[in-house]
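Q: With the sequence up front, the predicted model follows.
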Amino acid sequence: GNSVTQMEGPVTLSEEAFLTINCTYTATGYPSLFWYVQYPGEGLQLLLKATKADDKGSNKGFEATYRKETTSFHLEKGSVQVSDSAVYFCALGPGTALIFGKGTTLSVSS
Amino acid sequence: ETGVTQTPRHLVMGMTNKKSLKCEQHLGHNAMYWYKQSAKKPLELMFVYNFKEQTENNSVPSRFSPECPNSSHLFLHLHTLQPEDSALYLCASSPLGERDEQFFGPGTRLTVL
């Protein structure tokens, strides 16, 4: 069946460090891939998405590339800020509902 | 502000109470969703409504009863809940398409005593 696997957190970084959060998926067909972010006390917000292989989604300095050959959609940011501290969810959209990973907590300290 | 509102934001209820969660979207979307978010567990899809019709019920216990009177409103009626039902309940909407993103509300934090 369809599934998403994210790296376990928490991830703790200093400000301006490089961030990678790994996400791999299992799916039939050609799903869309998403990264959502959840700040404390809030719902999920779409961070970026990619709808086909080799697409790169980007937003707010974050990037992720849809790699069909490795079934991956890793999230990267070159220089994190304290304000990036949140929970990040990778999600798969094979149909009208999304399948989410367990989430990775990122803590950035100054 | 994503255009999806949820009320109440916090709810404490006893196991014998009956309460309802409300979700409203102002985005003109045709699909609405209920998710449950528990600590240390992935988001769990509960219900999906497309054009007011329920299209998915993810084996949710009958003590949770959804209602979708129109494309803009979604309710989750709660009765005789258990303490393990305590969680953040998130509502989402989407334009209705397999590749469309979902827009989430801020959630209702539910505590069952």
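A: Ah, there it is.

Q: Show me where chain A has its strands.
A: In order along the chain, chain A carries the following strands (DSSP state E): A:3-6, A:11-14, A:19-21, A:23-26, A:32-38, A:44-50, A:56-59, A:62-65, A:75-77, A:86-93, A:99-100, A:104-109.

Q: so what's residue 54 up against?
A: This is for chain A. For residue A:54, the contact set (Cβ atoms under 8 Å, 6 or more residues apart in numbering or on different chains) comprises A:65-68. Heads up, the C-betas are built off the backbone N, CA and C, glycines and all.

Q: Oops, wrong one, chain B.
A: B:47-48, B:66, B:68.

Q: Drop anything exposed from these.
A: Buried members of these, counted by 16 or more other Cβ atoms under 10 Å in any protein chain shown: B:47-48, B:66, B:68.

Q: Out of the residues you listed, which comes closest to chain A?
A: Of all these, the one with the least separation from chain A (Cβ to the nearest Cβ) is residue B:48, at 5.4 Å.

Q: So for the contacts of residue B:54, which is the shakiest by pLDDT?
A: Among the contacts of residue B:54, residue B:48 has the lowest pLDDT, at 90.

Q: Show me which residues of stretch A:47-58 are buried.
A: For stretch A:47-58, by 16+ other Cβ under 10 Å, it's A:47-51, A:55, A:57.

Q: Including distance to residue B:5 and pLDDT, could these go into TSV?
A: Shown next, in TSV, are the buried residues of stretch A:47-58 (distance: Cβ to Cβ, whole Å; pLDDT from 0 to 100):
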residue	distance to residue B:5	pLDDT
A:47	21	96
A:48	24	96
A:49	23	94
A:50	29	94
A:51	28	90
A:55	32	95
A:57	27	96
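
Q: any idea which helix or strand of chain A has the worst average confidence?
A: For chain A, counting by mean pLDDT, DSSP states H and E, strand A:99-100 ranks last in confidence among helices and strands (a mean of 89).

Q: In its sheet, which strands sit next to that strand, and in what direction?
A: Within its sheet, and counting by DSSP bridges, strand A:99-100 is paired with strand A:86-93 (antiparallel).

Q: mind listing what's buried in the partner strand?
A: Residues A:86-93 are the ones in strand A:86-93 that count as buried (16+ other Cβ under 10 Å).

Q: can you redo the residues you listed as JSON lines with pLDDT?
A: Shown next, in JSON lines, are the buried residues of strand A:86-93 (pLDDT from 0 to 100):
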{"residue": "A:86", "pLDDT": "96"}
{"residue": "A:87", "pLDDT": "95"}
{"residue": "A:88", "pLDDT": "97"}
{"residue": "A:89", "pLDDT": "95"}
{"residue": "A:90", "pLDDT": "96"}
{"residue": "A:91", "pLDDT": "94"}
{"residue": "A:92", "pLDDT": "90"}
{"residue": "A:93", "pLDDT": "85"}
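
Q: In chain A, where is pLDDT below threshold?
A: A:94-96 (pLDDT under 70).

Q: got the residues of chain A near chain B?
A: Taking Cβ under 8 Å from any Cβ of the partner chain, the part of chain A that reaches chain B is made up of A:32, A:34, A:36, A:41-46, A:49, A:51, A:89, A:93-103.
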